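Chemist: with the sequence up front, the predicted model follows.
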Amino acid sequence: MPNETPQDQIRNAWQRQPVENVAMSLEDLRRKAGKFQSRIRWRNAREYAAVAVVVVVFGYYCKWVPGPVARAGSLLTIAGALYVAYQLHRRASSENAPAVAAFEDCLSFHRRGLERQRDALRSVWSWYLGPLVPGLAVFIAGTAIAEPLPIRYRVLSGTLMFGIVGVVFWLVARLNRSAAARLQSQIDTLMS
Amino acid sequence: MGEPSQDERYHQAAAEYGAALERLARGYELDADRRRDLLQEIHLALWRSLARFDGRCSLRTWVYRVAHNTAVSYSIGRRRSGDRNLVSLEEVELTLGDRDGDQAAGRRHALAQLTGIIQGLKPLDRQVILSYLEGMDAASIGEITGLAAGNVATKIHRIKTVLAKRFSQGAQNAE
């Protein structure tokens, strides 16, 4: 066309490019929807399996470790792990709310997704690490108290365990904080 | 006559926008197999969403919102494994001076280049350029993306500059 601008030409070329005409039958869609649900179920199952491992291990400790303090620590750790599982489940459910993609424009949808991830990372102490702290602290203290060793070795072993667990928790929190900061900068860019 | 069912609406949407959805998927995914996966994800999301279509916007706006939002979620998931720096339209515009030699390319080359540029854009800029290429006006693009009209107009202006500088010769050679 003689009066077409270069922009019109490239736009027309874009729209005329060959496509494969990928079609999905309703049976395909239903089958894929079923697979999607089963993927979600598997993901949940993996999270519950991790919690189950904690429950089994600390359940075993609860029965066999010497001293009431360590047993109380085991029970508290189990309670903490169950709380973390509940939080994971709650957050996963809100992520998978069906068919919300069309109710929001792209900007809101994208921003909300980033904010949700940022908030989960920022609040990792309150729902992921924090609930495990009391149980682990009491458990470590309890096992150190119950060890048949001179007091200075018990103090040393307790301190060492607190140090190791503390460093691991600190690293996890730090990684989450950095990831949250990266998401925040993406949100800022989105809104600028 | 009653309201169309979810399945009927899906058939209508797939017939009207199926080709556009394929082009949209090209703007998000380079690899052919993954692009097919993405397209299937989009169709699935669209079909599921249409169970709750309530006429709050046109079917076209609905389809494009679902498609872009699904594609963005998909590419965010993909990028977790291989991080990639996305650029804005402004940054693409600034680098144009280095590419004058590419202007002699034909339409296929121009389209391949354009697809490459689109895939490297930040999500909102990508959504605007894909909508522009599908022939939408600023108001429709604003409704889909949620950007203010002025912002869309600025972005379209930049897109036109990019297309004019980078592809004019290539597109002419192709005709």
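Modeler: Perfect, I can see it now. Numbering: from 1, shown residues only, chains lettered A, B, ... in the order given.
Chemist: stretch A:126-138: how far from the chain's middle?
Modeler: 16 Å (Cα atoms, centre = their mean, to the nearest Å).
Chemist: how's chain B carved up into domains?
Modeler: Here the domain assignment for chain B is B:6-79, B:89-174, based on automatic domain parsing.
Chemist: do the shortest one and chain A meet?
Modeler: Spelled out, that is domain B:6-79. Yes - using Cβ under 8 Å from any Cβ of the partner chain, domain B:6-79 reaches chain A at B:7, B:10, B:14, B:18-19, B:22-23, B:36, B:39-40, B:43-45, B:47-53, B:56-57, B:62, B:65-66, B:68-70, B:72-73, B:76. Yep, even glycine has a C-beta here, placed from its N, CA and C like the rest.
Chemist: so how far is chain B from residue A:160?
Modeler: Applying Cβ to the nearest Cβ, to the nearest Å, the value for residue A:160 to chain B is 35 Å.
Chemist: hmm, back to that, just the buried residues from the residues of domain B:6-79 next to chain A, in PyMOL please.
Modeler: Listed next is the PyMOL selection for buried residues among the residues of domain B:6-79 next to chain A, using 16 or more other Cβ atoms under 10 Å in any protein chain shown:
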select buried, chain B and resi 10+14+18+19+22+23+39+40+43+44+45+47+48+49+50+53+57+62+65+66+68+69+70+72+73
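Chemist: so which of the residues of domain B:6-79 next to chain A sit within helices?
Modeler: B:7, B:10, B:14, B:18-19, B:22-23, B:36, B:39-40, B:43-45, B:47-49, B:62, B:65-66, B:68-70, B:72-73, B:76 (DSSP state H).
Chemist: could I get the domains of chain B as CSV with mean pLDDT?
Modeler: Listed next are those as CSV, based on pLDDT from 0 to 100:
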stretch, mean pLDDT
domain B:6-79, 89
domain B:89-174, 77
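Chemist: tell me where chain A has helices.
Modeler: A:6-16, A:26-64, A:68-95, A:106-122, A:124, A:133-146, A:151-191.
Chemist: tell me which of those helices approaches residue B:131 most closely.
Modeler: Smallest distance to residue B:131 across those (Cβ to Cβ): 9.7 Å, for helix A:106-122.
Chemist: can you name the residues in contact with that closest one?
Modeler: A:91, A:94-95, A:101, A:104, A:127, A:176-177, A:179-180, A:183-184, A:186-187, A:190-191, B:65, B:68-69, B:72-73, B:76, B:123-124, B:127, B:144-147 (Cβ atoms under 8 Å, 6 or more residues apart in numbering or on different chains).
Chemist: now the next helix-or-strand element following that helix: mean pLDDT?
Modeler: Toward the C-terminal end, the helix or strand that comes next after helix A:106-122 (DSSP states H and E) is helix A:124. If you average the pLDDT over helix A:124, you get 89.
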